[in-house]
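[1] kindly generate the corresponding structure for this input.
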Amino acid sequence: NAIRFALLLVVPLGIMFGIVFDRLLRGVLNFFRRYSRKIRFIVLGIMVAAAYQVVSFYITMSIGLASTRLPMMNDAWQKSLLFIKENSDDGAVINSWWDYGHWFKMVANRRVLFDGKTQNSPVAYWVAHALLSDNEDEAMGILRMLDVSKNKAFDVLESSGISHVRSVEILQHSTPLQKGEAQKYLKDILAMDTVDKLMSLLYSDAVPKAYFIVSYDMLGKLGAISLIGNWNFTKGDIWIAFKEKSPPDFMRYLMREYNYDAQEAQRVFQEVSLISGQDAPRWISNVYALAIETFSNKYKKDNSLLFFDNGAILDLDNFKAHIMRGKNNDIGIPYSVIYMKDGALEEKILEESNMPQSLLLLTDPKNSSYKTIFVDKNIAKSMFVRMYFYNGEGLRYFTKAREEKTLEGNSVFVYTINWPMAAQ
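    You can find the predicted model right below:
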């Protein structure tokens with residue numbers, strides 16, 4: 001899907017077009033040499049006109065395309081990255097999704113967790129998991145682990161003979177914990193030398209200054225981010241075993257590795273047997289979405305009621321909400337309403353909900369205005385939502401350092417990460 005590499009074909013295709021046209025022109029003129037000069041000029045004119053039509057078509061199309069698009073690198077990105085460069089030393093790390101990692105290195109001249117060359121590394125899972133998490137301690141713990149040693153903690157566990165599935169489970173359990181709690185947990189399940197190695201990677205004193213960037217482009221990438229960050233390694237392992245082993249060996253594998261009894265192993269076998277290779281990723285993981293098209297900052301207010309043009313109706317007194325849907329104006333009730341109150345993120349769960357989405361209520365304190373957008377209920381309180389839509393308000397470890405707007409009004413946020421003391 002790397003369409004950008006098609007640009008490399010422009011020069012050779014242009015040269016080939018010129019060669020083909022030259023040879024075609026010479027061949028046609030040689031063929032019509034026996035005819036009068038007038039006919040030869042007519043043929044030449046027709047060929048030049050045809051070539052002009054082809055070239056002008058592509059030129060016109062290119063101009064039209066260029067006039068509707070702005071450069072991906074813009075002032076918002078430039079100012080954000082220069083801010084990091086000017087306010088950090090060479091050892092600082094930029095945490096974000098991989099797409100613009102090359103920009104970060106070029107403009108800010110700082111290290112990144114991963115970029116286009118390393119997007120298929122295990123770091124992708126951990127960063128995606130941190131973005132989706134609604135536990136700030138977990139997100140901070142994951143980033144601390146990555147910024148110190150990337151995936152070395154996992155490598156330590158796997159090299160000690162622990163399966164990759166169990167290694168991920170151990171790190172998922174450890175990263176949200178404070179140092180003393182993590183050490184106690186690890187001592188109960190691992191050899192002491194392995195514990196010492198892990199603790200130096202998870203709770204190092206040498207944590208670099210770090211930034212986290214969340215940006216408007218991630219809104220459209222949440223599907224891919226959630227597919228990666230929600231990856232169920234147990235199901236992934238079961239799927240691979242199912243594809244590689246015979247049914248009897250597969251059943252024995254489930255009973256040996258996961259302590260399933262024969263009945264449970266048979267149930268899993270039947271379940272996996274019905275899944276195609278195309279559907280396997282959706283069985284292994286969960287994909288969440290944010291309905292960008294439902295964003296609304298236009299509304300009418302009637303006492304405590306807000307009537308948004310995306311169909312949402314919300315009562316500010318009790319934070320109950322519903323939406324009129326479809327041609328028949330069916331009433332949809334979101335799973336919950338998310339809002340800020342006294343610096344804390346609150347969730348009002350609606351008992352009669354019939355929708356899998358939550359409604360984000362966004363308040364602009366400058367002019368007391370409101371905005372709403374529907375998101376999957378599973379990411380309504382995620383770190384991404386909190387940092388992109390709620391400016392990181394109420395977070396302890398992530399402080400908004402800068403926000404830049406593009407010409408279209410989209411935002412690029414730069415957060416500094418406030419690492420807790422390693423002794424904690």
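
[2] from here on, contacts and neighbour counts on C-alpha atoms
    OK.

[3] buried residues in stretch 255-271?
    Within stretch 255-271, the residues scored as buried using 16 or more other C-alpha atoms under 10 Å are 255, 260, 265-266, 269.

[4] tell me how many other residues surround Lys377.
    By the criterion of other C-alpha atoms under 10 Å, Lys377 has 22 neighbours.

[5] wait, it sits on Gln357?
    Yes: counting by C-alpha atoms under 8 Å, Lys377 touches Gln357, with 4.7 Å between them.

[6] find residues that contact each of the two.
    Here Lys377 and Gln357 have 335-336 as joint contacts, going by C-alpha atoms under 8 Å, 6 or more residues apart in numbering.

[7] still on that earlier bit, okay, the buried residues of stretch 255-271 in TSV with secondary structure, pLDDT and distance to Trp97 next?
    Formatted as TSV, the buried residues of stretch 255-271 follow (DSSP: H, G, I helix; E, B strand; the rest coil; pLDDT from 0 to 100; distance: C-alpha to C-alpha, whole Å):
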residue	secondary structure	pLDDT	distance to Trp97
Met255	helix	96	38
Tyr260	coil	95	37
Ala265	helix	95	38
Gln266	helix	96	40
Phe269	helix	96	36
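
[8] tell me who's in contact with Leu345.
    With C-alpha under 8 Å, 6+ apart, Leu345 has these contacts: 338-339, 381, 393-394.

[9] SS state for it?
    Per DSSP: H, G, I helix; E, B strand; the rest coil, the secondary structure class of Leu345 is strand.

[10] how close does it sit to Ile338?
    7 Å (C-alpha to C-alpha, to the nearest Å).

[11] same question, Ala49
    63 Å.

[12] so between these two, which is more surrounded?
    Shown here are Ala49 and Ile338; by other C-alpha under 10 Å, Ile338 has more neighbours (21 against 12).

[13] got a list of what the more buried one touches?
    Residues in contact with Ile338 (C-alpha under 8 Å, 6+ apart) are 345-348, 358-361, 380-381.

[14] cutoff 10 Å now
    Each residue near Ile338 by C-alpha atoms under 10 Å, 6 or more residues apart in numbering is listed here: 319, 345-349, 358-362, 372, 377, 380-381.

[15] quick one: which of those residues has the most company?
    That'd be Ser358 among those, by other C-alpha under 10 Å, with 28 neighbours.

[16] before we move on, what SS does that residue have?
    strand.

[17] so it touches Ile373, yeah?
    Yes: under the criterion of C-alpha atoms under 10 Å, Ser358 makes contact with Ile373 at 8.5 Å.

[18] give me the common contacts of the two.
    The contact lists of Ser358 and Ile373 share Leu290, where a contact means C-alpha under 10 Å, 6+ apart.

[19] using the three-state scheme, assign Ile19.
    helix.

[20] which residues in the stretch 1-150 of the chain form strands?
    Ranges of strands in the stretch 1-150 of the chain, per DSSP state E, counting those that start in this stretch, are 93-95, 111-112.
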